[in-house]
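Q: Have a look at this prediction, sequence included:
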Amino acid sequence: MAVKFISHVDEKNPGDWFIELTDTLGEKTVTCNDLEEYKKNIEIMGEDYANDIEVVWTKSKTLSPVSYQDLNDKMAVLQKEYEEEINKINGQQDDTGFNPNA
């Protein structure tokens with residue numbers, strides 16, 4: 001069964017968001033000031049559970065629309081990078097037209 005991690009988005013000032021990442025089983029919380037830091041921390045913390053984790057997202061009621069949109073845009077870029085990486089691992093065709101399985 002997956003271990004629940006909570007990713008809570010909040011902000012210090014409009015446009016200055018951060019994510020509090022909490023391991024609910026290990027009761028450990030780290031603050032991530034950008035997605036690179038979040039990515040690194042979730043990988044490290046997830047290793048304790050063989051990466052069998054479920055991430056639940058929450059956000060502060062005071063999170064500004066500017067911060068929410070900024071985070072959403074950056075997460076979309078990260079999601080695309082992950083999809084490309086997964087496709088390469090699975091041997092699916094990339095943008096160059098090369099397919100090692102063809």
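A: Arrived safely, thanks for sending.
Q: Identify all residues paired with Glu7 through a beta bridge.
A: Just to correct that, residue 7 is Ser rather than Glu. Leu21, Trp57 (DSSP bridges).
Q: Can you read off the pLDDT for it?
A: For Ser7, the pLDDT comes out at 97.
Q: likewise the one 3 residues further on?
A: pLDDT, Asp10: 96.
Q: For the closest residue to Ala2 other than its chain neighbours, give me the backbone phi and psi.
A: If the residues on either side of it in the chain are set aside, Ala2 comes closest to Glu54, at 4.1 Å by CB to CB, 6 or more residues apart in numbering. Every residue, glycine included, has its C-beta placed from N, CA and C. Here is the backbone geometry of Glu54 (degrees, to the nearest 10): phi -120, psi 130.
Q: And for Asp70?
A: Torsion angles, degrees, to the nearest 10, at Asp70: phi -60, psi -50.
Q: Spatially central residue in this protein, please.
A: Computing the C-alpha centroid of the chain and ranking residues by CA atoms, centre = their mean puts Lys39 first, at 5.5 Å.
Q: What residues does that one make contact with?
A: Counting by CB atoms under 8 Å, 6 or more residues apart in numbering, Lys39 touches Leu78.
Q: Could you measure from it over to Pro14?
A: Lys39 sits 24 Å away from Pro14, going by CB to CB, to the nearest Å.
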